[in-house]
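*Asks:* After the sequence you'll find the predicted model.
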Amino acid sequence: MGEVRLTSADPVRQYDRAPGRAPTGGTTEATRGSTGSTGTGAGRGSKRSVRAAAFAVWYLRAVTFVNFLSAVWVSLGQDLRAHNTASYFTPYLLTAGFGSGLFSLFLAVTTGRRKRAAWILNLVISGLLTVFLAYYCATDPEIRSHAQNWVSLGLTAAFVGALLLGRREFYAKGDRSNPKLAAAVAAVGLLVTSLVAALLVGLTNTAGDGAEAGFMARWRYGVMRLITLAESDHGYRGIVTPGWVDVFINFMSFLLLLAVLLAAFRSRRAVDPLTEEDEERLRTLLARQGDRDSLGYFALRREKSVIWSPTGKAAVTYRVVGGVSLASGDPIGDPEAWPGAIEPWLAEAREHGWVPAVMGASEEAGTVYARHGLDALELGDEAIVETAEFTLEGRAMRTVRQAYNRVKRAGYEVRIRRHADIPAEQMAELLRRADDWRDGATERGFSMALGRLGDPADGQCVMLECTDGSGRLRALLSFVPWGPAGLSLDLMRRDRDSENGLMEFMVIELLERSREIGVTQVSLNFAMFRSVFERGSRLGAGPVLRLWRSLLSFFSRWWQIESLYRANAKYRPIWEPRFMLFEKSSDLLRIGLAAGRAEGFLEAPGLPKWVHRKHLGTGR
């Protein structure tokens, strides 16, 4: 699967404008998007400013590479340390070792994300170092006599100059609570690590009876080792510890420093979720344009946030996960107004240092996003069945037909109702059974799941209840509206002891009885990398495609990649491609992790689920 850049020969005819704003001959939001500009990030300064910021970032990356290389290349590390002692000085942050490499890597990443706090920290440290080197090169003959010191001064000064020239490019804001959080982490962390150090020193002290080493002496010694690994033990004559104790204490101080930096540079994590007014406005747009995208109704997931176009004719819904502003599906509303919502969404992402990404966009939406500087990667295909064309007849459907008849002969029946037609006490029982049948404790779903079941606001959703011959409920399917005559699969739950093929039986019942509820098209599961499995099994498939298919088949043992494709292919659906949109290929891993967390496949450390358990529906 290669990277795909979506383009279109037919530009969008008219872009969203605020009320009363007439088109002019100047640069508009639309033309900025179509020429590759992406909001407030580009164009904040001149080309000189952009290049200066890029130089600062690449300087940090180069220093990080040398630091890590010197940590594993012994001779290089020894040589580098020899040039950073006595009257020799190395350029800013150039110090051999994993610790210094991690620190410079952290600054390289945060500076590359244009964080204002990283710019301030780099400017303060490198500026002080520049003043220090310039003073001693001018006043100390020994330091002035070494050419290396002048090179270090020149590189450090060049870095400071790049920061100053590129200051407009470092605009990303952190969370307002970061300073307080960093101070709290530093205070609590210093207290905890110093107490651990004092305890460890007391347990390993070998200085006779240790009469002079009371608790305060051990605590001061621990604090000293948290700050430095210097040889001098002046004032601590009653303390003698093994070398590994000093190293361990100093390592704790390094971890504490990283924790403080992470707290200080943390991206803004949460924005305002959907309000009742936002939800009402989104439902109005869905009533007008909801038939355009089968995933549109999932924009009503309530932990999402929304950004509106100036006229309110379009909106982008998204969630911030791990510093990634993750939108899902197509923008809601009129396609001609989409750019008016995409522009402020991208601008907000850059303002806070978030990585913008879109999961599950259609080709039409991907084309519009591409005009705003995003690249596309085809994730897979969505299975869509036209109910009027579905049939169980024919040789190709023989296996499906036999499985359907087998389940039907076993006495299973399906009841189809709108959620609004289900009495409250019956809905409560369905919620309880759905929770009992959930596969695992983690709620899954984001881009293709509503995340709730039985909410009164979702009365137009459709519930399929399957009972066995004795009338016992054995499985549930729930679908959300897709325009006035479509449904999109939201939730699948079944009793593990029920008949095999029960889900297929229920889907076929829906397709054959769709006229009862006025449904003409049904969106089923999303099949990731569907084209790989299809083309890779054909005669004449190339070795790379066959290898890719074999690799995906291997991972399907855990993530059901191939089985989802096979399960949907039996209905002979129309396959609609879905895309992931992103700015830089280097962000793909981070976007993948954020998407995994949003969908519920990966979990970040936090409170146990039972602390805030709710009735939520799983994704597809």
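*Replies:* Thanks, I have it. Residues are numbered from 1 along each chain as shown.
*Asks:* Name the next helix or strand following the helix or strand bottoming out on mean pLDDT in the chain along the chain.
*Replies:* Every helix and strand of the chain was ranked by mean pLDDT, DSSP states H and E. The lowest is helix 29-34, at a mean of 37. Sequence order places helix 47-72 as the next helix or strand after helix 29-34, per DSSP states H and E.
*Asks:* So for whatever helix or strand comes next after that next one, mean pLDDT?
*Replies:* As assigned by DSSP H and E, the chain's next helix or strand after helix 47-72 is helix 74-82. Averaging pLDDT along helix 74-82 yields 76.
*Asks:* Then stretch 50-69?
*Replies:* 92.
*Asks:* what sits up against that stretch?
*Replies:* The contact list for stretch 50-69, computed with CB atoms under 8 Å, 6 or more residues apart in numbering, reads 42, 45, 76, 80, 91-98, 100-101, 104-105, 107-108, 111-112, 114, 122, 155, 158-159, 161-166, 169-170. Just so you know, the C-beta spots here come from the backbone N, C-alpha and C atoms, and that holds for glycine as well.
*Asks:* how far is it from where the chain is centred?
*Replies:* 25 Å (CA atoms, centre = their mean, to the nearest Å).
*Asks:* Report the buried residues of that stretch.
*Replies:* Using 16 or more other CB atoms under 10 Å as the test for burial, stretch 50-69 gives 50, 52-53, 55-57, 59-61, 63-64, 66-68.
*Asks:* thinking again about what came up before, among the contacts of stretch 50-69, which lie within helices?
*Replies:* Secondary-structure check on the contacts of stretch 50-69 using DSSP state H: residues within helices are 76, 80, 98, 100-101, 104-105, 107-108, 111-112, 122, 155, 158-159, 161-165.
*Asks:* what's the closest of the buried residues of stretch 50-69 to L191?
*Replies:* Checking the buried residues of stretch 50-69 against L191 by CB to CB gives N67 as the nearest, at 30.2 Å.
*Asks:* Look at the nearest residue to the closest one once chain neighbours are set aside and say how many residues are nearby.
*Replies:* Of all residues not flanking N67 in the chain, G101 sits nearest, at 3.6 Å (CB to CB, 6 or more residues apart in numbering). If you count neighbours by other CB atoms under 10 Å, G101 ends up with 22.
*Asks:* on that earlier part again, of the contacts of stretch 50-69, buried ones?
*Replies:* For the contacts of stretch 50-69, a neighbour count by 16+ other CB under 10 Å gives the buried set as 45, 80, 91-96, 100-101, 104-105, 107-108, 111-112, 114, 122, 155, 158-159, 162-163, 165-166, 169-170.
*Asks:* Make sure P179 is actually in contact with A263.
*Replies:* No: look at P179 against A263 with CB atoms under 8 Å: they stay out of range, at 9.1 Å.
*Asks:* Neighbour count: these two, which is higher?
*Replies:* Taking other CB under 10 Å, P179 and A263 do not tie; A263 has more neighbours (21 against 13).
*Asks:* In terms of pLDDT, where does the more buried one sit?
*Replies:* Per-residue confidence at A263 stands at 82 (pLDDT).
*Asks:* if I look at it, how far off is S325?
*Replies:* Using CB to CB, to the nearest Å, one obtains 21 Å as the distance from A263 to S325.
*Asks:* what sits up against the helix or strand harbouring L285?
*Replies:* According to DSSP H and E, L285 maps onto helix 276-289. With CB under 8 Å, 6+ apart as the test, helix 276-289 has contacts from 274, 296-297, 299-300, 302, 306, 308, 312-315, 317, 332-334, 457, 481.
*Asks:* Are any of the residues you listed buried, and if so which?
*Replies:* Buried, going by 16+ other CB under 10 Å: 274, 296-297, 299-300, 306, 308, 312-315, 317, 332-334, 481, out of the contacts of helix 276-289.
*Asks:* Show me which of those is closest to R515.
*Replies:* Nearest member of the buried ones among the contacts of helix 276-289 to R515, counting by CB to CB, is P481, at 16.6 Å.
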